[in-house]
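Trainee: quick one: sequence and predicted model below, then my questions.
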Amino acid sequence: MSGKRIEIGILYYPGMTQLDVTGPFEVFARLPNVRMHLLWKRIEPVVSDVGLPLLPTTTFADCPDLDVFCIGGGPGQVATMDDDEVIAFVREKGGSARYITSVCAGCLILGAAGLIDGYRSACHWLMSDQLAAFGAIAVDERVVVDRNRISGGGVTAGIDFGFQVAAELCGEEVAKNLQLMLEYQPQPPFDITVQNAPRELISRMRREAEPWLQKRAAAVQKAVAKLKARATAA
């Protein structure tokens, strides 16, 4: 894509988990000849799930055609999946992007727009079972590439995801140079993952998360019903 400006859009929404998308942003914004669009209905602060204010740069109405559309997850996903204006925008502008991408539970918002049916997808481990409602195939990997869909797992996987998208757009050498420049060489202080954590810990976390998991599951089912109604009306 040398010589052509790369247009990348990241959807903001209230209650999002900002690291889902600010990690990838740090990579994307350093690519050659790129223009970033932080998307929301209006140019006004959007507050993340833990209280960090973020400022969009481009309204839905002013969004150009995109090479990459990216969306993250967060507790605000529940209200966002039920926001017809947002879902229509994701379906139209996100769905026409060269690469349709997500991090964490952002894949479920893509699902609400009908964009992951038949695709393999990563997701946060607590919510990956909800992908099936949208006809998607959950994959327990940090980054998943399926045709022009690229997805990252939970939160911090967004950085790995960012480098993968960079390689797809600009080639491995550009992505490698960026990885070196940003000194990305994770060394977690604790060796604990969903793969090696004690089963009792996983079970306890699932029990503690159950109230909001049920809210998300209900939002998924409502979104599926809207998709079916739209398909019937078409």
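Mentor: Structure's in. What do you need?
Trainee: spatially central residue in the protein, please.
Mentor: In the chain, the residue lying closest to the centroid (Cα atoms, centre = their mean) is residue 102, at 2.5 Å.
Trainee: surely residue 82 and residue 221 touch.
Mentor: No: counting by Cβ atoms under 8 Å, residue 82 does not reach residue 221; the two are 11.2 Å apart. (C-beta placed from N, C-alpha, C; glycine too.)
Trainee: identify the residues contacting the residue nearest to residue 6 when sequence neighbours are not counted.
Mentor: Nearest residue to residue 6, sequence neighbours excluded (Cβ to Cβ, 6 or more residues apart in numbering): residue 34, at 4.4 Å. Residue 34 sits next to 5, 6, 7, 8, 28 when contact means Cβ atoms under 8 Å, 6 or more residues apart in numbering.
Trainee: quick one: distance of stretch 138-147 to the chain centre.
Mentor: Between the centre of stretch 138-147 and the centre of its chain there are 12 Å (Cα atoms, centre = their mean, to the nearest Å).
Trainee: cool, and stretch 157-177?
Mentor: Distance, centroid of stretch 157-177 to centroid of chain: 16 Å (Cα atoms, centre = their mean).
Trainee: report the buried residues of it.
Mentor: 157-170, 174-175 (16 or more other Cβ atoms under 10 Å).
Trainee: do stretch 201-216 as well
Mentor: Applying 16+ other Cβ under 10 Å to stretch 201-216 flags 213, 216 as buried.
Trainee: for that stretch, list the C-alpha coordinates in CSV.
Mentor: What follows is stretch 201-216, C-alpha atoms only, in CSV (Å, rounded to 0.1, in the frame of the first residue of the first chain):
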residue,chain,number,x,y,z
LEU,A,201,-9.1,-20.0,40.6
ILE,A,202,-10.6,-20.1,37.2
SER,A,203,-13.9,-21.4,38.7
ARG,A,204,-13.9,-18.7,41.3
MET,A,205,-13.3,-15.9,38.8
ARG,A,206,-16.1,-17.3,36.6
ARG,A,207,-18.5,-17.3,39.7
GLU,A,208,-17.5,-13.7,40.6
ALA,A,209,-18.0,-12.6,37.0
GLU,A,210,-21.4,-14.4,36.5
PRO,A,211,-23.6,-11.3,37.1
TRP,A,212,-22.1,-9.3,34.3
LEU,A,213,-21.5,-12.3,32.1
GLN,A,214,-25.3,-12.9,32.3
LYS,A,215,-25.9,-9.2,31.2
ARG,A,216,-23.5,-9.7,28.3
